[in-house]
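A.B. asks: turn this into a structure:
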Amino acid sequence: MKAKHIFAFAAQWKDLESSLLSTHQHDSPVVVDSALDPSKPNYSDSKPTLFRERHGWCPYSERVWLALESTNVAYDTIRIDNTGPGRKPSYFSGQTPQMRWPDGSVQGESLDLVQEVDTRYGGGSLYPESIKNDVINKARMFGKIFPSKSRPSSRAAFLFGWDGEPLWKSEFESVLSNTDDLLGSSDGPFFCGNQFTAADIAWVPFLERYAAQLPCLHEGLNPRDATNYPHLNKWFEAMETVPAYACRVRGNPSSWRKVLTMAGYGNAGVPPAVVERMDDLGIEEGRPQTDDERIRDQALWDEYRSTRPFLANTPSAEAGRVLLGNREAIVNDTLKRSGTLEGAGIPLDEKGLDDAMRALACILIFGAEEDGHYEEMGVASKEAVDVDGVFALAKFLDERMCVPRDMSALSADAIKRLSVY
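C.D. replies: Below is the predicted model of the structure:
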């Protein structure tokens, strides 16, 4: 690890904000966290409003979110706390997801909403007429293949029984084998061939979580095993080329592993063996990117950003933009936990913490000169990497983040790579 050096870091917040000036010239989508702002919103009469679960845990909310992103429609979002006794705003009733359409009507049920989004905004792209029946049937197969005797949970769906223990390994293997066979019946990597459709939207929130969580539950259980599940592995790879999914809606494995600690019997914890396995799975995710990986991710980002000019130019810079916009909340959250952060290397005075925050934002936006993989926006700040606590702060934020709630997986990965310096 690089030795740290304390000095006055020159770059100010206004300098960093100016570097992202082009993003300020475009309005970002409206996103309201109703747990923090319970006042009734002024609904748009031209855009739909998505009510989705607050933390990004709910896979059914993810279906509708991905449909909206895939059809590239402008929409507003209201995040609802669905976790047991969580606070719901007085103007909302029922469960997520729900959609309020511009005409004031309200609709629920995830796959019904996916189909309605496609009808209103997608022009049939998610349900192509020539394969519409196949799309509907493949989406319905999810309910027949996934385990029926698991305990309901938005945090860890289809994982645990009512006794709080993981389902048997053989049950998961059956799900994965049957899913692999279903994919193998297609003539392409997606559920309905070479085209991303609503069938993929129906399955991806659950399979994405399985890919991260099942290796924690049972030794040797990996949905991305190309030998045992070749069609499923190709499907995961194909999904990661869908810009709307890869650049915004996809979570990251460490976030899905973290929710396991909150998702046992009665949401009171998980079996000890699960926690032991979780600690062994994060090393690979923090390694530096190869040039090919960086080029691949940037190409996806460029395509996604082409219709979303409020985003920064790179996934890493977007992480810096999010950091800038939330810096006061991050400082408050860090200082609130100062008692548990003693000795972690993070400055726990306001000035030192502000220096570390600005330095981290600078590295994310401009790059760390030494790593060779953060140079997309110009020469790196030579000062930022030496600011006291900058990489310790990256580690803290990586541990605290919930993806995709706080930012995209591609942007979160930029912080994770800095956290292992």
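A.B. asks: pLDDT of stretch 403-410, averaged?
C.D. replies: The predicted model assigns stretch 403-410 a mean pLDDT of 95.
A.B. asks: any stretches of the stretch 151-300 of the chain with poor pLDDT?
C.D. replies: For the stretch 151-300 of the chain, the stretches with pLDDT under 70 are 263-284.
A.B. asks: try it again with 90
C.D. replies: Within the stretch 151-300 of the chain, the segments meeting pLDDT under 90 span 151-156, 160-166, 216-217, 219, 254, 257-291.
A.B. asks: show me where it has helices.
C.D. replies: Using DSSP state H, counting those that start in this stretch, the helices found in the stretch 151-300 of the chain span residues 169-184, 198-217, 230-239, 243-244, 253-260, 272-278, 291-305.
A.B. asks: between those, which one is nearest to Glu318?
C.D. replies: With respect to Glu318, and counting by C-beta to C-beta, the nearest of the helices of the stretch 151-300 of the chain is helix 291-305 at 8.0 Å. In this view, the C-beta of every residue, glycine as well, is placed from N, C-alpha and C.
A.B. asks: show me the contact partners of the next helix or strand after the closest one.
C.D. replies: For helix 291-305, the following helix or strand on the C-terminal side (DSSP states H and E) is helix 315-325. For helix 315-325, contacts defined as C-beta atoms under 8 Å, 6 or more residues apart in numbering pick out 13, 16-17, 20, 23, 247, 297-298, 301, 311-312, 330, 357, 360-365, 367, 374, 376-377, 397, 406-408, 410-415.
A.B. asks: what's the angle between helix 315-325 and helix 291-305?
C.D. replies: 60 degrees (axes from the mean of the first three to the mean of the last three C-alpha atoms, to 10 degrees).
A.B. asks: dump helix 315-325 to CSV, restricted to CA.
C.D. replies: Listed next in CSV are the C-alpha coordinates belonging to helix 315-325 (Å, rounded to 0.1, in the frame of the first residue of the first chain):
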residue,chain,number,x,y,z
PRO,A,315,-18.4,5.0,-15.3
SER,A,316,-15.6,6.1,-12.9
ALA,A,317,-16.4,9.8,-13.4
GLU,A,318,-20.0,9.0,-12.8
ALA,A,319,-19.1,7.6,-9.4
GLY,A,320,-17.3,10.9,-8.7
ARG,A,321,-20.4,12.8,-9.8
VAL,A,322,-22.6,10.8,-7.4
LEU,A,323,-20.0,11.4,-4.6
LEU,A,324,-20.2,15.2,-5.3
GLY,A,325,-24.0,15.2,-5.1
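A.B. asks: pLDDT (mean, whole number) over it?
C.D. replies: For helix 315-325, the mean confidence score works out to 94.
A.B. asks: that helix: how far from the chain's middle?
C.D. replies: Chain-centre distance of helix 315-325: 15 Å, with C-alpha atoms, centre = their mean, to the nearest Å.
A.B. asks: next, the buried residues of that helix.
C.D. replies: 315-324 (16 or more other C-beta atoms under 10 Å).
A.B. asks: deepest in the core, which of the helices of the stretch 151-300 of the chain is it.
C.D. replies: helix 198-217 (a mean of 24; mean count of other C-beta atoms under 10 Å).
A.B. asks: part of a strand, is Arg79?
C.D. replies: Yes - counting by DSSP: H, G, I helix; E, B strand; the rest coil, Arg79 is located in a strand.
A.B. asks: quick check: closest non-adjacent residue to it.
C.D. replies: Distance criterion C-beta to C-beta, 6 or more residues apart in numbering; nearest residue to Arg79, sequence neighbours excluded, is Arg54 at 4.2 Å.
A.B. asks: same check on Ser186?
C.D. replies: Closest to Ser186 by C-beta to C-beta, 6+ apart is Gly193, at 5.3 Å.
A.B. asks: that neighbour against Asp187, yeah?
C.D. replies: Yes - assessed by C-beta atoms under 8 Å, Gly193 is found in contact with Asp187 at 5.2 Å.
A.B. asks: what about the two, which has more around it?
C.D. replies: Each of Gly193 and Asp187 has its neighbours counted (other C-beta atoms under 10 Å); Gly193 has more, 16 against 9.
A.B. asks: which ones among the contacts of helix 315-325 map onto helices?
C.D. replies: Counting by DSSP state H, the part of the contacts of helix 315-325 found in helices is 13, 16-17, 23, 297-298, 301, 330, 357, 360-365, 397, 410-415.
A.B. asks: quick one on the thing from earlier: just so I know, which of the helices of the stretch 151-300 of the chain lies nearest Met99?
C.D. replies: helix 198-217 (14.5 Å).
A.B. asks: got the angle between the closest one and helix 253-260?
C.D. replies: Using the same axes, to 10 degrees: helix 198-217 against helix 253-260 is 70 degrees.
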